[in-house]
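Colleague: Next comes the sequence, and after it the predicted model I'd like to discuss.
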Amino acid sequence: MSKKLSGLRSGPSRGGIQRAISLPWAKSVEISYKSLRVRLFRSMITVSSLVLAVSFLAFVLINLDVASGILRHGGEDAAAMLTRAGYDVDAATHSVAMTAKERWIVILSLLVCTVGIVNAQLMSVTERFSEIGVMKCLGALDSMILRIFMLEAAMQGLLGAGAGALFGFLFSLLAGLARFGTLAVAHLPWASALGSMGIAVLAGCGLSLLGVLYPALLAARMRPIKALRAEH
């Protein structure tokens, strides 16, 4: 802890009293990174749930891109083939949308992922009561504690969502090749596919930040004496 707080700087004095300390962003990132390394197993649980949820979302979105590309180049024959394959094809607009079943599965997977992140972060906060108490006794503001937890969530979100989007892309391409042959790759709109991966990454990062918000606020508002006395 003493090493982690070595980068803290005294803030502006008010009436001759050093009211609080400030923590540079670079030091916040360093503390968050080291904290994730120390709690690697718990961090991997959060990252794994993100990988699963985001990979499924990316898989569904890029599958739609594959089908849209085939529909755009294949016309009515392609529309009939995609309909037989189970896609929700709109012949009037020449577009392919998620089926109701896919929408529900995607929503449920993201919801389960969020609940898992909240549980993992609540456990993380519980394990770090003493650390939070010491930091607040040294003058750390609520915003400083909140920033550290949010940075940790952002790092986990980027890692998990990035890996999930990549896996989803690869699996959707393999599934397209298995179902439609080389048409899946030949007519794939790559810009749309990259956009779908970007949407999946943003969704994963958003879920990670949303899931950590309540535990982070809980930790930030904790009184130092309560944190130091807490049993865990």
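Modeller: Done, it's in. Residues are numbered from 1 along each chain as shown.
Colleague: And Ser172, its phi and psi?
Modeller: Main-chain dihedrals, Ser172, degrees, to the nearest 10: phi -70, psi -40.
Colleague: Quick check: it vs Phe59, distance?
Modeller: Using Cβ to Cβ, to the nearest Å, Ser172 is found at 5 Å from Phe59. No exception for glycine: its C-beta is placed from N, CA and C like everyone else's.
Colleague: Give me the common contacts of these two.
Modeller: The contact sets of Ser172 and Phe59 do not overlap (Cβ atoms under 8 Å, 6 or more residues apart in numbering).
Colleague: how deep is Thr99 tucked in, by neighbour count?
Modeller: 13 (other Cβ atoms under 10 Å).
Colleague: show me what contacts it?
Modeller: If you count contacts by Cβ under 8 Å, 6+ apart, then Thr99 has Gly86, Tyr87, Asp88 around it.
Colleague: so which of these is the most crowded?
Modeller: Tyr87 (22 neighbours).
Colleague: so who does that one touch?
Modeller: Ala67, Val96, Thr99.
Colleague: In strands only, show me the contacts of Thr99.
Modeller: Asp88 (DSSP state E).
Colleague: need the contacts of Thr99 in TSV with distance to Glu30 and pLDDT, can you?
Modeller: TSV is the format used below for the contacts of Thr99 (distance: Cβ to Cβ, whole Å; pLDDT from 0 to 100):
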residue	distance to Glu30	pLDDT
Gly86	49	80
Tyr87	48	83
Asp88	48	81
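Colleague: Make CSV from the contacts of Thr99 and add distance to Val38 to it.
Modeller: Formatted as CSV, the contacts of Thr99 follow (distance: Cβ to Cβ, whole Å):
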residue, distance to Val38
Gly86, 46
Tyr87, 47
Asp88, 47
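Colleague: of all the contacts of Thr99, which comes closest to Ala227?
Modeller: Proximity of the contacts of Thr99 to Ala227 (Cβ to Cβ) peaks at Asp88, which lies at 51.8 Å.
Colleague: which residues touch the closest one?
Modeller: Val96, Ala97, Met98, Thr99.
Colleague: Gly74 versus the last one, what's the distance?
Modeller: Read it as Thr99. Going from Thr99 to Gly74 by Cβ to Cβ gives 20 Å.
Colleague: about what we covered before: by pLDDT, give me the weakest of the contacts of Tyr87.
Modeller: Lowest pLDDT among the contacts of Tyr87: Thr99, with 78.
Colleague: how about that one, phi and psi?
Modeller: Dihedral angles (degrees, to the nearest 10) for Thr99: phi -80, psi 160.
Colleague: From Ser35, how far off is it?
Modeller: For Thr99 relative to Ser35 (Cβ to Cβ), the value is 42 Å.
Colleague: elements contacting the longest helix seen in the chain?
Modeller: Criterion DSSP state H: the longest helix present in the chain is helix 40-84. In terms of contacts (3 or more Cβ pairs under 8 Å, 6 or more residues apart in numbering; DSSP states H and E), helix 40-84 is packed against strand 88-90, strand 95-97, helix 100-127, helix 142-180, helix 183-186, helix 190-220.
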